[in-house]
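**Q** Just to be clear, the model below is a prediction. Sequence and coordinates:
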Amino acid sequence: MKHHRDLSLKLDELQQIFLDYLAMERGLSPRTIEAYRGDLKHFGAYVATLEISSLDDLTITQLSHYQFLLHKSYAPVSIRRKLSALKMFFRFLRGRELIASNPLLNLETPRMGRTLPPVISVEEVQQLLASPNHDTVLGRRDQVMLQVLYATGVRVSELVSLRLLQMNFNLGVISVIGKGDKERLIPLPFGVLGEIVDYLQETRPKLLKHRHSEYLFLNRSGKPLSREGFWKNIVRYAKKAGIRRKVYPHLLRHAFASHMLAGGADLRVVQSLLGHADLSTTQIYTHVDSKRLWQVYRQFHPREQLDK
């Protein structure tokens with residue numbers, strides 16, 4: 001039975017990596033994180049009863065049986081939530097190449113509406129970008145990081161791992177290594193390029209203090225800034241800017257996509273810039289923009305005003 005214990009340990013580790021991702025990159029609340037933890041723990045207890053040594057050994061029959069057990073014990077809303085958590089978990093594992101394949105792809109699950117990503121306005125983004133203190137070393141660094149994040153739509157993990165060699169000032173692009181080690185080129189606005197050059201010449205040397213680093217963005221010790229460190233910074237700057245909504249790094253990725261599409265950008269271009277493998281993942285931002293347009297229509301159209 002040793003391989004069962006090994007699998008349980010491995011599953012616990014994978015679940016924690018996933019939960020850290022939800023907290024740090026997706027900015028989910030502690031309450032939501034705990035709900036995911038409970039759902040994954042429930043699934044882990046079922047996996048522990050199976051004669052398998054790896055998640056790659058899961059069969060569609062076993063997954064269907066787990067779904068059947070859920071139907072015997074839980075209400076539909078709870079079942080949908082648990083299966084949604086599992087789908088996200090296995091998509092994450094496959095995206096990080098922690099498993100060889102996604103066993104849930106062929107599992108038929110109850111249909112459920114897709115959650116639209118939150119929307120932050122252009123005005124709120126501008127308030128956030130202006131929040132760091134430009135006159136301090138760390139404030140200047142954070143301001144440039146926020147500008148790059150909004151200008152490119154990169155993931156926070158991609159932002160903090162940027163190396164100097166990924167910058168191409170002649171072409172005005174950055175080379176980003178995304179999920180599955182796939183490379184994509186993202187253009188930078190001329191103004192942001194200028195801010196990066198200024199940061200490299202004036203700010204970064206003060207963080208390095210005669211040390212060497214291949215990374216673009218550094219902490220006060222001259223080491224790469226962590227995802228957690230940047231996440232804490234963006235929360236602090238949002239509060240300073242007086243933004244009432246919850247702000248986290250992935251929200252600027254949402255803003256990049258929705259604002260690009262609202263401005264008339266081609267859907268497939270945005271897909272390429274974001275590094276989405278599936279166009280349907282990018283298409284959700286068109287629904288976000290349509291929802292916003294409908295809200296504006298209901299608020300300002302004369303016919304709607306007369307009907308109130």
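**A** Received it, and whenever you're ready, just let me know what you need. Numbers count the residues shown, from 1 in each chain.

**Q** My reading is that residue 184 lies in a helix. Confirm?
**A** No. Using DSSP: H, G, I helix; E, B strand; the rest coil, the secondary structure at residue 184 is strand, not a helix.

**Q** what about the helices in the chain?
**A** Secondary structure of the chain by DSSP state H: the helices cover 2-24, 30-47, 60-73, 76-95, 122-129, 137-152, 156-160, 190-198, 204-208, 227-240, 249-262, 267-274, 279-300, 302-307.

**Q** Identify the residue nearest residue 271 in space, chain neighbours excluded?
**A** Closest residue to residue 271 apart from its sequence neighbours, by CB to CB, 6 or more residues apart in numbering: residue 282 at 4.1 Å. All C-beta atoms are positioned from the backbone trio N, CA, C, and that covers glycine.

**Q** contacting residues for the closest residue to residue 214 other than its chain neighbours?
**A** Excluding the flanking residues, the one nearest residue 214 by CB to CB, 6+ apart is residue 163, at 4.8 Å. If you count contacts by CB atoms under 8 Å, 6 or more residues apart in numbering, residue 163 has them with 214, 215, 216.

**Q** just residue 148 next, same as before
**A** Going by CB under 8 Å, 6+ apart, residue 148 touches 154, 159, 162, 174, 188, 192, 196.

**Q** ok, how many other residues are close to the nearest residue to residue 122 once chain neighbours are set aside?
**A** When the adjacent residues along the chain are set aside, residue 122 lies closest to residue 259, with 6.2 Å between them (CB to CB, 6+ apart). By other CB atoms under 10 Å, the residues close to residue 259 number 20.

**Q** re the thing from before, quick one: the helices of the chain as JSON lines, columns for distance to residue 221 and mean pLDDT too.
**A** Formatted as JSON lines, these follow (distance: least, CB to CB, whole Å; pLDDT from 0 to 100):
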{"stretch": "helix 2-24", "distance to residue 221": "20", "mean pLDDT": "74"}
{"stretch": "helix 30-47", "distance to residue 221": "28", "mean pLDDT": "91"}
{"stretch": "helix 60-73", "distance to residue 221": "46", "mean pLDDT": "85"}
{"stretch": "helix 76-95", "distance to residue 221": "30", "mean pLDDT": "88"}
{"stretch": "helix 122-129", "distance to residue 221": "25", "mean pLDDT": "94"}
{"stretch": "helix 137-152", "distance to residue 221": "12", "mean pLDDT": "96"}
{"stretch": "helix 156-160", "distance to residue 221": "14", "mean pLDDT": "93"}
{"stretch": "helix 190-198", "distance to residue 221": "21", "mean pLDDT": "94"}
{"stretch": "helix 204-208", "distance to residue 221": "8", "mean pLDDT": "95"}
{"stretch": "helix 227-240", "distance to residue 221": "11", "mean pLDDT": "94"}
{"stretch": "helix 249-262", "distance to residue 221": "21", "mean pLDDT": "89"}
{"stretch": "helix 267-274", "distance to residue 221": "32", "mean pLDDT": "87"}
{"stretch": "helix 279-300", "distance to residue 221": "37", "mean pLDDT": "61"}
{"stretch": "helix 302-307", "distance to residue 221": "57", "mean pLDDT": "49"}
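
**Q** what's the closest of those to residue 169?
**A** Nearest to residue 169 among the helices of the chain is helix 190-198; the distance by CB to CB comes to 6.6 Å.

**Q** by how many degrees do the closest one and helix 137-152 diverge?
**A** 150 degrees (axes from the mean of the first three to the mean of the last three CA atoms, to 10 degrees).

**Q** which helices and strands sit right next to helix 190-198?
**A** Packed against helix 190-198, as judged by 3 or more CB pairs under 8 Å, 6 or more residues apart in numbering; DSSP states H and E, are the following elements: helix 137-152.

**Q** The helix it packs on relative to helix 267-274, how many degrees between them?
**A** 150 degrees.
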